[in-house]
Structures are given as C-alpha cells and as structure tokens.
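Peer 1: below: sequence and its predicted model.
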Amino acid sequence: MKCFVTGGSGFIGGHLIRELINQGHRVRALLRGGSDLRGLHGLDSQHYETVRGDLLDKESLRSGMAGCDWCFHVAASYHLWLPDYHPMFETNVDGTQNVMDAAIAAGCSRIVYTSTVGCIGITHQTGVTEPPADESRDPYPENLSNPYKSSKWLAELKVRDAIQAGAPIVIVCPTAPVGPADVKPTPTGKVIVDFLNGKMPAYLETGLNWVHVCDVAKGHILAAEKGRLGERYILGNKEGNWMMKDTFTVLSDICGLRAPRFKIPYKVALAAAHIDELISCFTRKEPKAPLAGVRMAAYRMFFDPSKAIQELGLPQTSPREALEDAVRWFCENGYVSDRDKINI
C-alpha cells in the first residue's frame, strides 16, 4: 500500500514509518522544514518520500495525499504547559479536520487516527475497585483537566463526525509507549532518563499502562488491515498496568541503580505545581512540574487492551523488555552522564 503519515518525526510516527517500510509498504511522510529527524536515522529518500508542509497547510496535505491508499494521522502538539495554548488547539483540532478532509478527498480506503487514552473515561476508582478502562468509556469532564486532553477530545469529535458521514476511519489510543529511539525524549521517556541520571530522589505515585512502542507501531498497521470502521482500539499491554513504585523497582532491577525511596504526597506536589506555574506566568519558561501532569497523577491510568489483542492481534511484548530496550538505547545514545554505573 502507499501510505501517508503525519508526525513521522515523532516517537510513534518514526517507528510506524520503519514498520511500514519493513512490511513492504511505500511511505510518504509529511514533515515540516527543520523537523528533528533523529528518530528516522538510517532511513533516507530511498526508503520514504518527504512532503514538506504541516497540518495547517491544506495544499501540502492535498497534494501529498494524492494517490495514497492509507492515511495515518499520528501528528499532534503535546505539551502540558504553554504560555499560549491557541496554537496547540489549532494544530490538534483544525489540523485533524484538514487531514480528514484531505484523506477523504484522496479516496483513502483506510484512515487511522491516533487519539489518546486521555480521551477514555477513568475515575479515581479505576484500577482500585473498578477494572481498567476500555474503549466504551468517553472521558468525564474531570478527565479533560488540561488543554492537551481537551484539544485531543475536540479533535476526536471531529473524527467521529467524519465517521458518521461514512469515512473509512479507525481510531487508535496508545497508552504509555516506551522503547528505543525516544529522541526528544517524551515525558515518560524523560522519567527514565532522569532516573538513570540520578535525578529522581522522590516520585509522585500514579499508575500507567506501559507498552512497547514497536507494538504500538504494529498496532497502527493492524488497525488499517483488520480494524472495524468507526471503532477505537486501545494500544496497550494486558500486563502493563503498573504503579510508579513498581516501575522504579523494575528499572532498579534492570540497571542496578537504587529506586527512589520517597513518595511525594499529592497535596504537596499540587501546591508546588501551582507555585511553579505562577512563576512561569512571569518568566514564560516551562515549569519543572506542570500542574497538568500533577493532576493526571491523581488517577491510575490503567487500561484494558483486550479488544485490540483479540480483534487486531496486537503484539504483547513484555513491559520489562520495553523498559530494557529504552534503558539500553538511552545509554548507547548519550542520554546518561555516567554510563559505567548502569549494569545493562
């Protein structure tokens, strides 16, 4: 198939491009001028075709999508704090509408939209007295606690409108991907990097569903091949629902470093985040602990990927292996200040 991919320079998008090429598909990637292409290291113009433009450039989308069979809309603006959130809403909401319009006009037989588990409803009892959340739950108002989640929910509503109009769309919702080539790194990858560099003396307890980024990439392709139109699928790991304390215990076992021993009380973290963001209003610099991140930590973000496993055949690489691959890559690519301390 000839595939159009947005967000190809990102963590998931880069792995998706690699996997599409590995499976024999032809790839056309939408990339902005000046994009950080480290995640595509080793690939060149012989492997994929570049389309210069962005989500707000309708002409680049229209011309780039021409002749494509599948469209993967992975790109998004993901920030927990910005001095101005308007560009993020413009990219995530208006940009998504532009991609859907172009893909439909191009006659793509499958459009895979990358949403987020932030658009799935969870409560404070999820993972406690309630089971992990599945695709049937839409977000509760309290889940849309930050502009990123709000923008992605508005974008998903645009996608649902297109589905209702008959567009051949499948929605995927990755959980917390981890693995190699997290070049920026992502917020979850930064947690691992800080731990490896001894910058994690204490932690804020929360729960995440860890999934190998390569499984997420393959899940996108499986969604195009096997996904039921109009459905959404959680791309996660059945055994990946871990509390942060357990995550650090496994990381400690993997690399031989001591796990952080002190848990920060939630109310203390919340108060500190309020102060930090107040300061950022004046400095215009990103806070070290964004309020949005602290609020998210109040929930166990536990999810059930059974639907994707059963219907798509989503691979289930162990979360430990995913963390091992991430640690090894960070160590081998200059993210760790004292590599000799890491026993991997």
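Peer 2: Perfect, I can see it now.
Peer 1: hey, let's count contacts and neighbours off CA atoms from now on
Peer 2: OK.
Peer 1: which stretches in the stretch 151-300 of the chain count as strands?
Peer 2: Taking DSSP state E, counting those that start in this stretch as the criterion, the stretch 151-300 of the chain carries its strands at 169-174, 176-178, 202-203, 207-212, 232-235, 241-243, 262-263.
Peer 1: just name the most buried of these.
Peer 2: Greatest average neighbour count among these goes to strand 232-235 (a mean of 29), per mean count of other C-alpha atoms under 10 Å.
Peer 1: state the mean pLDDT of it.
Peer 2: Averaged across strand 232-235, pLDDT comes to 98.
Peer 1: thinking again about what came up before, to Pro87, which of the strands of the stretch 151-300 of the chain lies closest?
Peer 2: Using C-alpha to C-alpha as the criterion, the shortest distance between Pro87 and the strands of the stretch 151-300 of the chain is 22.5 Å, found for strand 169-174.
Peer 1: report all helices and strands that that closest one contacts.
Peer 2: Contact analysis of strand 169-174 by 3 or more C-alpha pairs under 8 Å, 6 or more residues apart in numbering; DSSP states H and E lists strand 110-114, helix 147-164, helix 213-226, strand 232-235 as its packing neighbours.
Peer 1: let's see it at 7 Å
Peer 2: Based on contacts counted as 3 or more C-alpha pairs under 7 Å, 6 or more residues apart in numbering; DSSP states H and E, the elements that strand 169-174 packs against are strand 110-114, strand 232-235.
Peer 1: adding distance to Gly198, write those out as a markdown table.
Peer 2: Written out in a markdown table, the entries for those read as follows (distance: least, C-alpha to C-alpha, whole Å):
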| stretch | distance to Gly198 |
| --- | --- |
| strand 110-114 | 33 |
| strand 232-235 | 31 |
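Peer 1: what's the closest of these to Met100?
Peer 2: Here strand 110-114 is closest among those (C-alpha to C-alpha), at 7.9 Å.
Peer 1: can you redo the strands of the stretch 151-300 of the chain as CSV, where the extra columns are distance to Arg328?
Peer 2: CSV is the format used below for those (distance: least, C-alpha to C-alpha, whole Å):
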stretch, distance to Arg328
strand 169-174, 22
strand 176-178, 12
strand 202-203, 22
strand 207-212, 14
strand 232-235, 23
strand 241-243, 21
strand 262-263, 26
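Peer 1: of those strands, give the one that comes closest to His25.
Peer 2: When the strands of the stretch 151-300 of the chain are compared for distance to His25 using C-alpha to C-alpha, the nearest one is strand 169-174, at 18.8 Å.
Peer 1: direction included, what does that closest one pair up with?
Peer 2: Within its sheet, and counting by DSSP bridges, strand 169-174 is paired with strand 110-114 (parallel), strand 232-235 (parallel).
Peer 1: re earlier: closest to Lys226 out of the strands of the stretch 151-300 of the chain?
Peer 2: Comparing the strands of the stretch 151-300 of the chain against Lys226 with C-alpha to C-alpha, the closest turns out to be strand 169-174 (9.6 Å).
Peer 1: between helix 213-226 and the closest one, find me the angle.
Peer 2: Direction vectors for strand 169-174 and helix 213-226, defined by axes from the mean of the first three to the mean of the last three C-alpha atoms, to 10 degrees, enclose an angle of 160 degrees.
Peer 1: please compute how far strand 169-174 lies from its chain's middle.
Peer 2: The gap between the average C-alpha position of strand 169-174 and the chain average comes to 12 Å, counting by C-alpha atoms, centre = their mean, to the nearest Å.
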